[in-house]
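Undergrad: A predicted structure for the sequence below; I have some questions about it.
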Amino acid sequence: MHAARSIAALALCYSLAVPGFGQTPLAANPPGAPQTPQVPEVSSSPGLYTASEIGGYSGQGILGWFSRNYLPRPSRAISWADSPRLEKLMRAGIIYLSLRDAIALVLENNLDIENARFNLPQAEANLLRASAGQLLTNISNSVSSGPSSASSGVLAGAGGFGAGASGGSSGTQQGVLSGLNVQLAGSAIPNLDPAFYTQVSYSHQTTPLTSAFAAGTNDLVTAQKGWIYAYQQSFLTGTTATLSMSNTYGYWQNAPNNDFNPTTSAVLGLSVTQNLLKGFRPAINNRVIRVAKNQLRISDLTFKQQTMTTVDNVVGLYWDLVLFNDNLRIRQQALDLNTKLYEDNKRRAELGAIAPIDIIQAEAEMKGAQQDVKNAESQLLQQETIIKGVLTRGGMDNLAIATARIVPLDHFDMPAQERVVPLQDLISEALAARPDVAQSAIGLEDTRISMLGTKDALLPTLSLSLGASNIGQAGQLNSIPEPETTSTGAVVSVPHNPATVNQFFLGGYGTALDQVFTRKFPSYNASIALTVPIRNRSAQADLITQQLQYRQSQIQDRQLLNNVKINVINSQTALTQARAAWENAVEASRLQEETQKGTRRKYELGTATILDVVITQQTTVARELSEADALNQYIHAKLNLQNTLGRILDDYNVSIDDAKKGTVGREPDPIPAVPPKAATPPSTPAAIGILRQ
């Protein structure tokens, strides 16, 4: 009966030491934590870590759960292959691109969005780290603005990628609002991961003694084997508990005076330490967990903002491509008119109807128009290269894509009238929809949460420690005879008699365990320790610093809100002005076209000079270019208003889930049966070199 009870008790102790019985799942609040609202699950792209993969239970049994805690989990490799959508849009070296497909290609291939996808699992790993009671690591929340459109000129577009890819601020209040710069201040956070400790030892020791009275020998030899294992767990309440079991087997000495030799002992102890002032209560100790959950939301908002910024960038690049095609068309029409004027003047000069100087003037205008066409072609080619860099991952490594021309399939239809929305409604819409506004509010909350720990650090340290232990010991009768002195003074060796020793201690390890669990030799202890810092200057300085940073955070948050309101007003005003400018440009272009026709008729009748015709044609080209540019300015003003209001994803039917997965479900738009012709590519060696790079 005693043996069975001893074995059962030993098995129970070992089961308590297994970490699987004390681990807290990541999805639930740690023990003692207040019930806080759950953060919406943030899905990451396929192959990346999810919250369940990082810290949850895998459902493969205790052994599978235990082994995966000590194995690395590789993240997915990055694929540099472009989505098949791009090939479906190509025909005969031309990419027929609609705006919808441009946005879809960005969601599938753009490297800025791909880079932002990795922030989501990093935030999940940070939450896992915080659930263990560790400080957070910093995660970048910057947003890349993307490249700018090509500029006119010989070296136009040479620095377009570098200038645009440098990235801008995401609107998140870095440092002050992130809550990460004050983690080292405040009360220490307990380690919430349970730990199991075990040690197996063997020792053999020889000790010279100056007296043989106690041990019966002057050279004491001691040999023993030991096994210690312990289980420790800390809790959010500021409690630390340790359950330990210490065992000594075969404790043997060459001491004849010992009644039992060898002996076996066991000590089962439980100690509990509770913070009563500093570091007490879950609200203090779970502050990093709450900040980590907020950082998960911030990473999700940052990804949304990166998606919005990239969509805004590609839409702007697309309509600029349409503008550059229009500019090339206008320049080509001007070249055709100047060429026709030059040829007509040559025939008229041969007939003697005009002076030879008119031929020279017409030829000079024709040469200037040819140069304008070449500049427009170069700008268009650079814009196509920039767009291909945004829409592909490694497409520029493919010569077929690098040399392909892009034909935009969409044209912009000016709405008959603008949607009339009260200004206060637009401001409310922007404040509710913009990710940077939500990020700023979360950052303020993080600072308030972190300030709890900084205030708590002002308190003295008062800890209560309680301990209890049970001891058991048993052994065999000492086989070394005990020396005794007879009445005659002779020393004889007398074997130990079982009748002369305490029978209670005779036995083995099972007897020792029985004594432990039946609490034959209990011990108890209790203590209270108080540490009072006399001046407490470090904690005071930390709190002052964080309070001042929080005030700065409030100022920055108010500045952000003010800027949002100002930007909404300015964007709305700019849209109104852009529409008025376009209407004026359309009317001015129409009137100039009539003026040009009249001037050419006068020139044919001899009532106008060649200079009048040249000036009129130059003005006509300028008016047409101004009309196209005014329409483009209106498009960008509308795009800026959409971005300012935070509704660009809704207006262009962009699914944030598609952006996270990197796959757009819908098929590419069909290529028209009679597609528009691509602009004629320049044939100069310099232009071909640009295509091949």
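TA: Arrived safely.
Undergrad: where does the stretch 101-250 of the chain have low pLDDT?
TA: Within the stretch 101-250 of the chain, the set of residues satisfying pLDDT under 70 comprises 152-184.
Undergrad: the helices in it, which residues?
TA: Assigned by DSSP state H, counting those that start in this stretch, the stretch 101-250 of the chain shows helices spanning 111-117, 119-131, 160-165.
Undergrad: Nearest to residue 427, out of the ones you listed?
TA: Nearest to residue 427, of all the helices of the stretch 101-250 of the chain, is helix 111-117, at 27.6 Å by CB to CB. (Each C-beta comes from the backbone N, C-alpha and C, glycine too.)
Undergrad: Buried residues of that closest one, list them for me.
TA: Residues of helix 111-117 classed as buried under the neighbour-count rule (16 or more other CB atoms under 10 Å) are 111, 112, 113, 116, 117.
Undergrad: Hmm, residue 308 and the third one touching each other?
TA: No. Under the contact definition of CB atoms under 8 Å, residue 113 does not touch residue 308, with a separation of 10.5 Å.
Undergrad: can you tell me which helix in the protein is longest?
TA: The longest helix of the chain (DSSP state H) is helix 537-605.
Undergrad: Mind giving me the packing neighbours of it?
TA: Here helix 537-605 touches helix 423-433, helix 435-456, helix 610-645, going by 3 or more CB pairs under 8 Å, 6 or more residues apart in numbering; DSSP states H and E.
Undergrad: can you tell me which of those comes nearest to residue 417?
TA: helix 610-645 (13.3 Å).
Undergrad: Could you list the buried residues of the closest one?
TA: Result for helix 610-645 [16+ other CB under 10 Å]: buried residues 610, 613-614, 616-618, 620-621, 623-645.
Undergrad: what angle sits between that helix and helix 423-433?
TA: Relative orientation of helix 610-645 and helix 423-433, computed by axes from the mean of the first three to the mean of the last three CA atoms, to 10 degrees: 60 degrees.
Undergrad: Against which helices or strands is the helix or strand following helix 610-645 packed?
TA: Following helix 610-645 in sequence order, the next helix or strand is helix 648-651 (DSSP states H and E). Applying 3+ CB pairs under 8 Å, 6+ apart, one finds that helix 648-651 contacts helix 287-350, helix 610-645.
Undergrad: wouldn't residue 402 be in contact with residue 388 here?
TA: Yes. Counting by CB under 8 Å, residue 402 touches residue 388, with 7.2 Å between them.
Undergrad: Compare the two (neighbour count), which wins?
TA: Using other CB atoms under 10 Å as the criterion, residue 402 and residue 388 rank with residue 388 on top: 20 against 17.
Undergrad: Just to confirm, which residue in the protein is farthest away from the center?
TA: residue 488 (91.4 Å; CA atoms, centre = their mean).
Undergrad: Can you tell me the closest non-neighbouring residue to residue 638?
TA: Spatially, and ignoring its direct neighbours in sequence, residue 638 is nearest to residue 575 (5.9 Å; CB to CB, 6 or more residues apart in numbering).
Undergrad: Enumerate every residue touching the one you found.
TA: Residues near residue 575 by CB atoms under 8 Å, 6 or more residues apart in numbering: 418, 634, 637, 638, 640, 641.
Undergrad: do residue 274 as well
TA: 237, 238, 239, 280, 463, 464, 465, 466.
Undergrad: and the gap between the first one and residue 269?
TA: Using CB to CB, to the nearest Å, one gets 21 Å for the distance from residue 237 to residue 269.
Undergrad: more crowded one of these two?
TA: residue 237 (20 against 17).
Undergrad: Leaving out the residues flanking it, which one is nearest to residue 210?
TA: residue 218 (7.6 Å).
Undergrad: Surely that neighbour is in contact with residue 254?
TA: No. Using CB under 8 Å, residue 218 makes no contact with residue 254, being 10.6 Å away.
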